[in-house]
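>>> sequence-free structure coming up:
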């Protein structure tokens, strides 16, 4: 039970919808019956369509004052929490903006203007020993508490953000003087994070620190979950780096992170916190790996491609097996991760969907963001939703956040932390752009080497 409690706390700290759990179902959450779309497009055209439409979340629907990603966007109620911006989701947004420039969705000039705005905002926003909070007021830059004691620095969200900063810097490093200047703004920002402070003088990192509650949140980062990138960034820091012991003793639990479990004859490889039989929600295979390329990436604990591929396949095979008999589940309807969810009363809540917590709700981001691991299965899900359920699940910023054929229900809403991985992983599937930029950053290579990683793809 302790492991399950830890898992749920992890989801709480990364999720964003505590306020929605008490909301009642509205008309925008009730779908029409599926209407097949007669439009037939190729797989390449479908991938392009989904990536471009989803990109608008970070461009058209960004918070106006800061340029940052809004925590959520509800098309039927656009002003709802319109000034709450998310640190981690904005990190995914930075990578999305790089992708958008590279594809011509926006011009480089437009991208520079937006990115400069974001950097200027973050430079003035509240920081706590260099780390930004989970939520920030986009109009003032002041912290918005994510919880009573979670009113200070959030190191995990910060690590998602700085991974995006490094990616922007690398993208602009051969650019114009103006582009390089924006890259340097982000370079200075990420170098200001005091990762060492967040060890609390121990050989491990801690998620939170508060100026009023100090270390009372008491959440050490121990694997395995979505937090690998936090240790990579902390080790890569040229200004406030951590000792490798923190990774091996804290994150890897002195080797206890390794698992011998299998499901569907697929090794899990690492112990997923609170989900050791099937693996955790699929965002664990996404968030750390938007920039961190798992191809041929190994350390003494895992082959990270096999780790993520197996977790994704187990999630997929569970949906195909469909042990609970949910309507619609199968080879073209799958994908369980943390997202909006359907409460038992039919209202909209939030849940950490995974095979061990399957509520009959699929999250499009789960399969779409897994396209680098399971392209055939992921595109099958995209095609099924687009051709057969378009009127329910397709909106102004791509596929909505959650859907259930079984209950004839859709959460016609968006979350930054779900839309961002779709754009980034679709780009990595097509060109590997974000992986190449991030992995070729000198500090990233040095940090990975320091922790004992090897990459056949990048030659270290």
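Done, it's in. Note that the structure is a prediction, hence the values are computed from the model and not measured.
>>> so where's the protein uncertain?
Along the chain, the parts satisfying pLDDT under 70 run over 1-39.
>>> go ahead and flag the most central residue of it.
residue 287 (3.8 Å; Cα atoms, centre = their mean).
>>> with adjacent residues omitted, what lies nearest to that one?
Nearest non-adjacent residue to residue 287, counting by Cβ to Cβ, 6 or more residues apart in numbering: residue 226, 4.5 Å away. The way it works is simple: take the backbone N, C-alpha and C, and place the C-beta from them, glycine included.
>>> flag every buried residue along stretch 392-408.
392-395, 397-407 (16 or more other Cβ atoms under 10 Å).
>>> farthest-separated two in the residues you listed?
For the buried residues of stretch 392-408, the maximum inter-member distance is 24.8 Å, found between 397 and 406 (Cβ to Cβ).
>>> now the strands for the stretch 1-150 of the chain?
72-73, 84-86, 135-137, 143-144 (DSSP state E, counting those that start in this stretch).
>>> ditto for the stretch 201-350 of the chain
Using DSSP E, counting those that start in this stretch, strands in the stretch 201-350 of the chain cover 208-209, 262-263, 266-267, 297-298, 338-342, 348-352.
>>> of those, which stretch is the most buried?
strand 338-342 (a mean of 27; mean count of other Cβ atoms under 10 Å).
>>> in its sheet, what does that strand sit against?
Note on strand 338-342: by DSSP bridges, its sheet partners are strand 348-352 (antiparallel).
>>> report the distance from the strand it pairs with to the chain centre.
16 Å (Cα atoms, centre = their mean, to the nearest Å).
>>> who's in contact with the next helix or strand after that strand?
For strand 348-352, the following helix or strand on the C-terminal side (DSSP states H and E) is helix 364-368. With contact meaning Cβ atoms under 8 Å, 6 or more residues apart in numbering, helix 364-368 is reached by 50, 281-283, 286, 315-316, 334-337, 339, 353, 374, 377-378, 381-382, 385, 393, 398-403, 418-419, 421-422, 425-426.
>>> got the buried residues for whichever helix or strand comes after helix 364-368?
Using DSSP H and E, the next helix or strand after helix 364-368 towards the C-terminus is helix 375-388. The neighbour-count check on helix 375-388 (16+ other Cβ under 10 Å) flags 377-382, 384-388 as buried.
>>> now do stretch 140-159
141, 143-144, 146, 149-159.
>>> same check, this time on stretch 109-118
111-112, 114-118.
>>> now stretch 179-192
179, 182-183, 185-187, 189-190, 192.
>>> distance from it to the middle of the chain?
22 Å.
>>> so which of the buried residues of stretch 179-192 comes closest to residue 301?
Scanning these for proximity to residue 301, where the rule is Cβ to Cβ, the winner is residue 190, at 26.0 Å.
>>> residue 94 versus the closest one, what's the distance?
To residue 94, residue 190 is 11 Å away according to Cβ to Cβ, to the nearest Å.
>>> same check on residue 256?
Taken as Cβ to Cβ, the span from residue 256 to residue 94 is 34 Å.
>>> ok, residue 124 next?
Taking Cβ to Cβ, one finds residue 124 at 17 Å from residue 94.
>>> so between the two, which is more surrounded?
Shown here are residue 124 and residue 94; by other Cβ atoms under 10 Å, residue 94 has more neighbours (31 against 10).
>>> was I right about the more buried one contacting residue 117?
No. Applying Cβ atoms under 8 Å as the test, residue 94 and residue 117 come out as separate, 12.0 Å apart.
>>> residues in contact with stretch 148-158?
By Cβ under 8 Å, 6+ apart, the list of residues contacting stretch 148-158 reads 13-14, 86-88, 91, 127-134, 143, 145-146, 193, 195, 198, 205-213, 216-217, 221, 226-227, 230.
>>> what is the end-to-end distance of that stretch?
19 Å (Cα to Cα, to the nearest Å).
>>> please apply the same query to stretch 266-284.
End-to-end distance of stretch 266-284: 17 Å, with Cα to Cα as the criterion.
>>> in that stretch, which residues are buried?
Those would be 266-276, 278-284, for stretch 266-284 by 16+ other Cβ under 10 Å.
>>> you'd agree residue 336 is up against residue 283?
No. Using Cβ under 8 Å, residue 336 is not in contact with residue 283, being 10.1 Å away.
>>> against residue 311, how distant is the residue nearest to residue 302 when sequence neighbours are not counted?
Leaving aside its chain neighbours, residue 302 sits nearest to residue 269 (5.0 Å; criterion: Cβ to Cβ, 6+ apart). Separation of residue 269 from residue 311 (Cβ to Cβ) stands at 9 Å.
>>> then residue 337?
Distance from residue 337 to residue 311, by Cβ to Cβ: 11 Å.
>>> which residues do these two both contact?
By Cβ under 8 Å, 6+ apart, the residues touching both residue 337 and residue 311 are residue 282.
>>> just the closest of the buried residues of stretch 109-118 to residue 433, please.
residue 111 (13.7 Å).
>>> so what's that closest one up against?
97-98, 100-101.
>>> quick one: these as JSON lines, columns for neighbour count and distance to residue 365 too.
What follows is these, written out as JSON lines (neighbours: other Cβ atoms under 10 Å; distance: Cβ to Cβ, whole Å):
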{"residue": "97", "neighbour count": "30", "distance to residue 365": "18"}
{"residue": "98", "neighbour count": "24", "distance to residue 365": "19"}
{"residue": "100", "neighbour count": "24", "distance to residue 365": "18"}
{"residue": "101", "neighbour count": "22", "distance to residue 365": "22"}
